[in-house]
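Student: Need coordinates for the below:
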Amino acid sequence: MAYTNLVIVAGYAGLFALWHLTKEHLSRNQILSAALLLLVSIIVFVLFEVYKAYYSSTALLGYSQIVNRPENQNSLAKLASEIERYKLDDQRRGIRFGKSWLVVFIVTTLTGLGAAGILLYAFIRGLLAR
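Tutor: You can find the predicted model right below:
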């Protein structure tokens, strides 16, 4: 996921650079359409990153609470049992998290590619018109 996030962020930077370079050659509808698609893509991406931070911190907090319970500190068997139970719950949450990541990936990719397509079309059209 970290590599994918890096590629997405680099893609946003590239799209904004291209948008800046071609903005004067875009129609009002193309400017607004590309901006809307980029905005949707970025909002979905950022909201997911916030959700991911929340998900990760609550998972770690859950493990920490198990380890810090006095009854678990006195019994290795009880600690291992509680961690195993929590691990199963965490795996179920992880599956839901993975599914939500796939949805976010698809939405951010499609809207980003849509904006890139608008810019590419305008760029090619501008080159051919000269």
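
Student: which secondary structure element contains residue 78?
Tutor: Element membership of residue 78 [criterion: DSSP states H and E] is helix 76-129.

Student: Please read the previous query as pertaining to residue 41.
Tutor: With DSSP H and E as the test, residue 41 turns up in helix 28-68.

Student: Would you mind pulling up the elements that that helix packs against?
Tutor: Using 3 or more Cβ pairs under 8 Å, 6 or more residues apart in numbering; DSSP states H and E as the contact test, the elements touching helix 28-68 are helix 2-22, helix 76-129. From N, CA and C alone the C-beta is placed, and that goes for glycine too.

Student: Make JSON lines out of the ones you listed and add mean pLDDT, mean neighbour count and distance to residue 36.
Tutor: Converted to JSON lines, these look like this (pLDDT from 0 to 100; neighbours: other Cβ atoms under 10 Å; distance: least, Cβ to Cβ, whole Å):
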{"stretch": "helix 2-22", "mean pLDDT": "82", "mean neighbour count": "13", "distance to residue 36": "12"}
{"stretch": "helix 76-129", "mean pLDDT": "89", "mean neighbour count": "14", "distance to residue 36": "8"}
